[in-house]
Each structure stands twice: as C-alpha cells, then as structure tokens.
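Novice: 3D model of this:
(one chain, ligands or ions: 1)
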Amino acid sequence: MPTKKSFFNILLFALLTFAFVVSLASADTACILTPKPSDAPQINGPEVFGVRPQNPFLFTIPATGKRPMRFSVQNLPKGLSIEENTGHITGSIEQEGDCNVTLQAGNEMGTAKKTLKIKVGDTIALTPPMGWNSWNCWGCAVDDQKIRAAADAMVSTGLINHGWSYINIDDCWQCGENKREPDTGEIQTNEKFPDMKALCDYVHSKGLKIGLYTDCGTMTCGGYEGSKGHESQDIMTYAKWGFDYVKIDWCHTEGMQPRRAYKKFGDAIGKAPRDIVFSICNWGEQKPWMWGKSLGGNLWRTTGDITDTWDSMSGIGFSQDELYKFAKPGHWNDPDMLVVGRVGWGPNLHQTKLTPDEQYTHISLWCLLSSPLLLGCDLTQLDDFTMNLLTNDEVLAINQDRLGKGAKPVVINQLPGGESTQIWVKYLQDGAKAVGLFNLTDEKKQVYVNWERLDIKGKHKVRDLWRQKDLGLFERSFKTEVNPHGVEMIKISAQSG
Ligand code: GLA
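Specialist: Coordinates of the predicted model:
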C-alpha cells in the first residue's frame with residue numbers, strides 16, 4: 001500500500017512533469033516566427049527551371065492557399081501538358097531555347113500568377129535542389145515503405161507547396177558486394193527494395209522527383225556493392241528505373257583519383273535519356289569546387305558529414321567563407337544535409353539537438369550560401385516548429401534566387417574567447433541584398449552593420465524575413481539584438497524597389 005507521503009511524492013512528480021511539458025510546448029510555440037500562409041493562392045518556388053531537350057519533364061507548381069485549387073499555364077511549350085487539379089506539368093520539349101510561361105493558381109479567393117523561365121539546354125538544377133534524403137533520418141534502416149511514406153508526407157504536410165521536390169534514397173538499398181546479376185553485371189537491389197521502377201513511378205505520380213546513391217569505389221560506405229568498373233552501366237540502370245538524381249560517395253577508393261573517377265559518371269549522366277542531377281560526395285577532398293563543374297557536377301560536398309550539434313553545424317556552415325565564388329546556376333557547394341526535426345541515422349529517431357535559435361541559424365545560413373536543401377528528418381513526424389521553419393517562402397526564395405550567388409562574410413567581429421558575431425551577404429537578382437546577422441556567442445549581442453560594408457548608400461528598406469515584416473527605412477546602418485547562436489535575417493532593398 002502506498003503511504004500518504006509516497007502518494008504526495010507521486011502527485012508532486014506528476015505535477016512537475018506536467019509543468020515541464022507545458023513549458024516546453026509553449027517555449028516551442030514562442031519560437032515560431034513566421035505567419036501562416038494565407039488562404040489566397042500564392043505561387044512559390046523557383047523563377048527558372050532547366051531541362052534537357054527530349055528528356056522527360058516534371059515540374060509541379062508549388063502553391064499555397066485553400067484547396068481545391070485550379071492550375072493552368074499560359075504559353076506552355078509544345079510537348080508539355082498540365083494536370084489542372086494538381087499542377088503537375090509533364091511531357092518533353094523537343095528544341096533547345098528559353099521560354100517564359102505564366103503559371104496560374106486559382107481558388108475561391110482569387111488567382112495568383114508567376115512567370116517561370118524554362119531553359120531548355122544543357123544545364124539543370126538552375127536553383128539549388130530542395131528535398132529530402134533518407135540518411136540523416138533512417139541511415140541503413142531505410143526501405144521501400146519509408147520512401148513511399150516520405151513522398152506521401154511531402155505532399156500531405158504541404159511541403160511540396162513550398163518547392164520541396166526531391167525524395168532521395170541514400171546508402172543501403174543495393175545488393176551485397178559482388179552480388180550483381182551474374183550474366184549482365186547489372187546492379188541488384190536488396191530485399192528492402194523489391195521494385196525500384198514501381199517506386200520511381202509512385203514518387204513521380206505524386207509530382208515529386210526521386211534520387212539514388214552509389215559510390216565510386218568497390219563498396220559503399222555502408223558496405224554494399226559500389227559502382228567501380230560499372231559506372232556507365234549503373235547510371236543507365238538508374239535511368240531505366242526512373243531516377244532523377246544520383247549522389248556518388250567516396251568510400252573504398254584507395255589509390256583512385258576523384259577527378260578521373262567522377263568523370264566516368266559525369267559522361268554517363270550526360271548520355272542518359274533523362275535528366276539526372278549529379279551530386280559529387282567526396283567530402284571536399286582535392287577541392288571539388290575547382291573541377292566539379294567541368295565534369296558536369298551539379299553539386300559537390302565541401303566537408304565531412306554533419307551531425308545535429310551546434311559545433312558540427314556551425315563549424316561546417318561558417319567555414320564556407322571562401323567558396324561563394326564557385327556557386328552558380330547549375331553548380332552548387334554542398335555543406336551537407338539539414339539536421340532539423342526528428343533525425344537518427346538509424347531505426348531510432350530523436351529530436352534534433354539544435355536549439356530553435358540554432359535551427360534558424362542553420363536554415364538561414366544554408367539559404368544564404370545557396371546550398372542544396374535536403375531535409376534529413378522524418379517527414380511523417382513534423383512538429384509545428386519544424387514545419388514553420390521549413391515553409392517560410394521569403395527565406396526559401398533567398399535560397400532559390402535565380403542569380404545563384406553564394407553569400408560571403410563582410411564582417412567578422414572576433415571577440416575574446418575566440419567567439420564572434422558575423423555578417424554574411426548574398427546579392428539577389430532584383431538588386432536587393434539578403435543579409436544574415438549571426439551571433440555565434442553564448443550571450444545576447446547587439447549586431448551592427450554599416451551600409452559601407454554592403455556597398456550601399458542612403459535610405460534603404462529593411463525587411464525581417466523570418467517574421468515577414470517591414471522594419472522601416474534605414475539611412476546608414478542597421479543594428480539589432482540577436483539571441484545566442486541565433487540570427488536576424490533581413491532583406492535590404494533600395495527605397496524605390
Ligand atoms: C558518407 C556520406 C553520407 C552518407 C553515408 C552513407 O558518410 O558522406 O552523406 O551518404 O556515407 O553510408
């Protein structure tokens with residue numbers, strides 16, 4: 001029988017737990033900065049889209065607003081058609097050249113329009129790829145069902161309406177080492193992926209694209225069959241299955257030259273009968289930013305693997321200061337995938353260890369850097385904070401800006417103890433500048449930027465991008481208080497703009 005005292009203790013414990021959970025929940029809600037999208041239609045996503053002639057075309061119009069929604073396109077090139085209920089545009093375009101189309105999305109509240117430039121030519125991934133990858137989430141516990149669930153959730157959560165469009169399978173889908181099809185040498189899947197073509201068809205039917213993973217060496221990092229000696233054959237197999245993206249890793253490559261090894265994949269991808277985004281993943285060895293583009297690389301990892309800690313994320317993100325020169329439409333620096341939401345690298349997931357402020361820093365910096373945005377969390381378990389963090393269209397527009405510039409630091413204030421505040425700037429297509437005022441210290445700090453540092457003069461409009469709020473006109477400088485490990489992300493435009 002519990003005594004009176006132990007009963008009291010249990011009650012006290014229950015009350016304290018309840019108070020703790022409530023305080024956590026409200027802290028979480030208090031960190032939500034971005035207003036919800038309105039019911040009126042708004043078209044998000046890139047302003048430019050690259051495709052190779054004659055290859056299959058898939059673009060889903062990303063639009064927020066109340067459903068049902070009707071989609072249409074003015075001036076759609078010959079060979080393409082649109083599904084009016086979903087906004088999926090499919091088909092193929094015969095000839096090279098540029099074409100401006102007007103996307104339209106309408107609902108009971110009105111109609112939104114947006115111009116999209118379709119560039120039919122050699123270069124794809126004209127803006128950084130946005131999507132999901134299985135690694136930071138499931139690691140080797142990935143399977144067909146989890147990929148389908150991620151695709152379903154990308155649509156049902158509404159992430160697709162903000163431009164998130166790739167579902168990428170990482171390591172551990174292949175057969176064991178040397179277990180290729182004996183007669184043809186064709187790569188085989190393991191039992192967790194019974195039918196890759198059916199899986200690709202399923203993901204495409206949702207208006208999404210799908211990616212895969214391989215390795216230049218004899219084995220992948222997870223110990224499965226690699227592509228060495230089968231580079232072109234493997235790319236053709238992925239194309240036959242229907243993949244739109246391939247990440248190529250660098251484990252088990254003793255004695256191999258990255259440039260030579262990746263060229264084989266680049267050449268094969270150039271000949272494939274569909275557009276395949278080419279992701280070089282050799283962790284920055286031998287500076288892939290110097291040669292990745294010449295092999296047809298659309299993105300190249302610049303560092304080792306990220307984890308969900310401040311040291312890892314900030315160490316990677318803030319060390320990208322010299323690489324802005326190499327980012328351009330079709331060719332991106334890749335400081336690794338995102339570590340927000342529920343991550344785990346295996347069957348057991350946990351909430352990211354980054355604080356809300358650190359997560360704002362993570363997304364802001366990756367958007368300013370024009371980095372690919374690949375979510376590494378379970379899309380079926382998105383909490384309100386994470387969802388809000390990933391659906392701010394003004395912040396995502398900085399990442400997707402069609403000028404394709406990388407950000408560079410213009411002020412680094414070194415403080416005693418090795419800590420700093422930093423100001424990073426990205427030039428935008430419309431002449432404005434996106435600016436991140438970062439506080440890397442453990443205390444609140446005033447962060448200050450003088451217009452001279454930004455090469456501007458006179459009155460300028462300042463907009464807070466996370467809160468989607470105009471802050472007014474500023475004549476010489478801008479100053480604000482920034483949370484520890486946090487950021488203020490602003491857009492600065494000429495007064496008339
Ligand atoms: C390497 C890559 C990771 C992931 C794993 C898979 O570590 O850098 O991104 O693909 O391999 O084994």
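Novice: where does K264 fall, phi/psi-wise?
Specialist: phi -60, psi -40 (degrees, to the nearest 10).
Novice: doesn't E231 make contact with it?
Specialist: Yes - shown here, K264 and E231 form a contact pair, counting by Cβ atoms under 8 Å, at 3.9 Å. Where C-beta positions appear, they are placed from N, C-alpha and C, glycine not excepted.
Novice: more neighbours: these two, which one.
Specialist: E231 (22 against 19; other Cβ atoms under 10 Å).
Novice: and that one, what's its pLDDT?
Specialist: Here, the pLDDT recorded for E231 equals 98.
Novice: list the contacts for it?
Specialist: C216, A261, K264, F265, A268 (Cβ atoms under 8 Å, 6 or more residues apart in numbering).
Novice: gap between it and the ligand?
Specialist: 18 Å (Cβ to the nearest ligand atom, to the nearest Å).
Novice: and this protein, what are its domains?
Specialist: With domains defined by automatic domain parsing, the chain comprises 42-120, 130-399, 408-494.
Novice: start and end of the last one, how far apart?
Specialist: In other words, domain 408-494. 20 Å (Cα to Cα, to the nearest Å).
Novice: could you pull up the mean pLDDT of that domain?
Specialist: 97.
Novice: with the first one instead?
Specialist: Rounded to a whole number, the mean pLDDT of domain 42-120 is 98.
Novice: around the ligand, pick out the residues from the stretch 151-300 of the chain.
Specialist: D170, D171, T220, C221, G222, D249, C281 (Cβ under 6 Å from any ligand atom).
Novice: in strands, which of those residues fall?
Specialist: Assigned to strands by DSSP state E, the following of these qualify: D249.
Novice: what's the local residue count around the spatially closest residue to G436 that is not a sequence neighbour?
Specialist: Nearest residue to G436, sequence neighbours excluded (Cβ to Cβ, 6 or more residues apart in numbering): W424, at 4.6 Å. Residues near W424, counting by other Cβ under 10 Å, number 27.
Novice: W424 bridge partners, please.
Specialist: P409, G436 (DSSP bridges).
Novice: tell me the contacts of P273?
Specialist: N55, A239.
Novice: now, of the domains of the chain, which is deepest in the fold?
Specialist: domain 130-399 (a mean of 20; mean count of other Cβ atoms under 10 Å).
Novice: and the end-to-end length of that one?
Specialist: First residue to last in domain 130-399 (Cα to Cα) measures 9 Å.
Novice: R301 is in contact with P288, correct?
Specialist: Yes - using Cβ under 8 Å, P288 is in contact with R301, at 7.3 Å.
Novice: in helices, which of the contacts of E231 fall?
Specialist: Residues from the contacts of E231 lying in helices, with DSSP state H as the criterion: A261, K264, F265, A268.
Novice: and these, which two are furthest apart?
Specialist: A261 and A268 (12.1 Å; Cβ to Cβ).
Novice: from S493, how far out is the residue lying closest to D171 once chain neighbours are set aside?
Specialist: Counting by Cβ to Cβ, 6+ apart, D171 lies nearest to G222, which is 4.1 Å off, once chain neighbours are set aside. The gap separating G222 from S493 is 47 Å, by Cβ to Cβ, to the nearest Å.
Novice: what ranges does the stretch 1-150 of the chain have for its helices?
Specialist: Remark: helices assigned in the stretch 1-150 of the chain by DSSP state H, counting those that start in this stretch are 4-30, 135-138, 144-156.
Novice: now do the longest one, average pLDDT.
Specialist: The average pLDDT within helix 4-30 is 53.
Novice: swap in stretch 263-277?
Specialist: 98.
Novice: and it, how far from the chain's centre?
Specialist: 22 Å (Cα atoms, centre = their mean, to the nearest Å).
Novice: ditto for stretch 460-480
Specialist: For stretch 460-480, the distance to the chain centre is 26 Å (Cα atoms, centre = their mean).
Novice: pick out the residue nearest the middle of this structure.
Specialist: L373 (1.2 Å; Cα atoms, centre = their mean).
Novice: look up the closest residue to that one, ignoring the ones flanking it.
Specialist: M130 (4.5 Å).
Novice: from P416, how far out is the closest residue to D336 other than its chain neighbours?
Specialist: The shortest distance from D336 to any non-neighbouring residue, by Cβ to Cβ, 6+ apart, is to I306 (4.0 Å). Per Cβ to Cβ, I306 is found 28 Å from P416.
Novice: ok, what's across the strand from the closest residue to A432 other than its chain neighbours?
Specialist: With Cβ to Cβ, 6+ apart as the criterion, A432 has its nearest non-adjacent residue at 4.0 Å, and that residue is S493. S493 forms beta bridges with K461, as assigned by DSSP bridges.
Novice: contact partners for S493?
Specialist: So S493 contacts D430, G431, A432, K433, H460, K461, R463 (Cβ under 8 Å, 6+ apart).
Novice: save those as a markdown table, and put in distance to the ligand too.
Specialist: Putting the contacts of S493 into a markdown table (distance: Cβ to the nearest ligand atom, whole Å) gives the following:
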| residue | distance to the ligand |
| --- | --- |
| D430 | 34 |
| G431 | 36 |
| A432 | 34 |
| K433 | 32 |
| H460 | 40 |
| K461 | 40 |
| R463 | 35 |
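Novice: so the residue nearest to G436 touches I412, yeah?
Specialist: No - contact criterion Cβ under 8 Å: W424 and I412 do not qualify, at 9.5 Å.
Novice: excluding chain neighbours, what is closest to E285?
Specialist: P258 (6.1 Å).
Novice: on that earlier part again, hang on, the residue nearest to the centre of the chain packs against Q400?
Specialist: No - if you go by Cβ under 8 Å, L373 and Q400 don't touch, sitting 9.0 Å apart.
Novice: common neighbours of those two, please.
Specialist: By Cβ under 8 Å, 6+ apart, the residues touching both L373 and Q400 are P128, M130.
Novice: which ones are touching the residue nearest to the centre of the chain?
Specialist: Counted by Cβ under 8 Å, 6+ apart, L373 has contacts P128, P129, M130, G131, W164, L338, W366, C367, L396, N399.
Novice: contacting residues around the second one?
Specialist: Put plainly, it is P129. P129 neighbours (Cβ under 8 Å, 6+ apart): S165, Y166, Y245, V277, N298, L299, W332, P372, L373, L374.
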